[in-house]
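[1] Predicted structure and sequence below. I'll ask about it afterward.
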Amino acid sequence: YAATADVNGGAYVEPDGVLNMRGSPTVGRSNDASYDLDDARRLWDYSAEATGVDLSL
């Protein structure tokens, strides 16, 4: 759904059922941790080190 529907880039698609565990896809909001820029930077740096691939611009 996320790949073929007309949704904005970076949109978070999740099930619309109880506790977002089942149901039809809908655009929602991911958890607060996913917006932590410091964690994102650490994950990016670790990924580059672990894979040996650095895509820094």
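    Sure thing, it's come through.
[2] In space, what's closest to the residue nearest in space to the middle of the chain - neighbours in sequence excluded?
    The residue lying closest to the centre of the chain (C-alpha atoms, centre = their mean) is Tyr12, at 6.4 Å. Nearest in space to Tyr12, with sequence neighbours left out and distances taken as C-beta to C-beta, 6 or more residues apart in numbering, is Ser30 at 4.3 Å. Where you see a C-beta, it was placed from the backbone N, CA and C, and this is true even at glycine.
[3] SS state for that neighbour?
    Recorded secondary structure, Ser30: coil (DSSP: H, G, I helix; E, B strand; the rest coil).
[4] ok, the residue located most distally from the centre of the chain - contacts?
    Relative to the centre of the chain, and counting by C-alpha atoms, centre = their mean, the farthest-placed residue is Gly52 at 22.4 Å. Not one residue lies near Gly52 by C-beta atoms under 8 Å, 6 or more residues apart in numbering.
[5] next one: Asp39
    Asp39 is in contact with Ala33, counting by C-beta under 8 Å, 6+ apart.
[6] Perfect, that will be all.
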